[in-house]
Structure formats: structure tokens, C-alpha cells
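1. build me a model:
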Amino acid sequence: MHQIRTESMEDTMRLGEKLALLLKKGDVITLEGELGAGKTTFTKGVARGLGIVQTLSSPTFTIIKEYKGDLPLYHMDAYRLEHSEEDLGFDEYFSGDGVSVVEWAQFIEEFLPKERLDVKIEYLNEHQRLFTLSPQGMHFEVVAAELQL
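-> Numbering: from 1, shown residues only. Got it, this is the predicted structure:
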């Protein structure tokens, strides 16, 4: 388990951007955090790091949004799937050519790959956030360790 503290929204964006530079196709990042914790801000940073120029918005109503960059970004919000067993083709995204960022991943736990990076974001105050990284698999152990440097 690795912890990183950010001091501002821009700091959170930079953390996401730094993470993106360590990712490869097929990587899956899950995000856990209360509303307003910074999940979308962090994902915007990941998008920036992947060279995506489109404006990123929450996929709450569409569940999955795709963005084109150096690597495609599949931004998913599984909140509306809480009582559903519907498979929206997650395996194709998770094993595809892009990077998947999944918010509310606990609602699609059965579809998630074993190797992934679980990120918990805690609200400390208006500006500060605490990121707890729980890497699942050797690749993400390396990614989490490099992210802390």
C-alpha cells in the first residue's frame, strides 16, 4: 500500500498525469472516493498525461466514455450498475488497446481483471486529498513505487 498526499486540485491533476506516463495498454485503474473527492479531477490528469485534448466529463449517465490520445482512455462510471449484472463488454475494454479508469468499480467487481491499480481518494479538506494506492500484480507494484518518487 502506498500513500500520496496532494495539496491542490492542480496537484491532483499532476498526480494523474504522472500516473498516465507509467501506464500501458490494457491497464485498469479503479477509483474509490466520496462525491467531490477528486475522482474526475484525477482522471482529467490521466487524460492529459495520455495526450487527450478533448474535455473530459463524468460518464455518470453514459456509463462509458471513450477518448482518443496517445493511448485511448476508457472512462467508466459503474454507479448506475449497482443492482445490475449487465456486462457492457468490460472485458473488451480491459484487454483492449487503451487504459481503463473505473469509478464505483465495486459494482462491477466480478468483471475486473485481477491485475489492476486500486486507488482510494480521501477528502482531507477543501484542497488536500490523500491517495491510497493498492497495486494488484507486479506491474502495478512498480507503477505505484515509481509514482511515489
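
2. doesn't S100 belong to a helix?
-> No. Applying DSSP: H, G, I helix; E, B strand; the rest coil, one finds S100 to be strand, outside a helix.

3. just list whatever residues bridge to it.
-> V28, Y74 (DSSP bridges).

4. what's near enough to touch the residue positioned nearest the centre of the chain?
-> With distances taken as CA atoms, centre = their mean, V101 lies nearest the centre of the chain, 3.5 Å away. Neighbour list for V101: 29-31, 43, 46, 73-76 [criterion: CB atoms under 8 Å, 6 or more residues apart in numbering]. Quick note: C-beta positions are derived from backbone N, CA and C, even for glycine.

5. so how far is L73 from it?
-> Per CB to CB, to the nearest Å, V101 is found 7 Å from L73.

6. overlap of the contact sets of these two?
-> What both V101 and L73 touch, as defined by CB under 8 Å, 6+ apart, is the set 43, 46.

7. span of stretch 78-88 from start to end?
-> Terminal residues of stretch 78-88 lie 10 Å apart, using CA to CA, to the nearest Å.

8. give me the pLDDT for the residue nearest to the centre of the chain.
-> Predicted confidence (pLDDT) for V101: 97.

9. the one 10 residues further on too?
-> The predicted local distance difference test score for F111 is 93.

10. what is the burial count for it?
-> Around F111 sit 19 other residues, with neighbours defined as other CB atoms under 10 Å.

11. how about I108?
-> Per other CB under 10 Å, the neighbour tally for I108 reads 21.

12. got it, and E141?
-> Using other CB under 10 Å, E141 is surrounded by 14 other residues.

13. leaving out chain neighbours, which residue sits closest to it?
-> P135 (4.7 Å; CB to CB, 6 or more residues apart in numbering).

14. got the residue ranges for the strands in the chain?
-> Here the chain has its strands, by DSSP state E, at 2-6, 28-32, 64-67, 73-77, 99-103, 116-123, 129-136.
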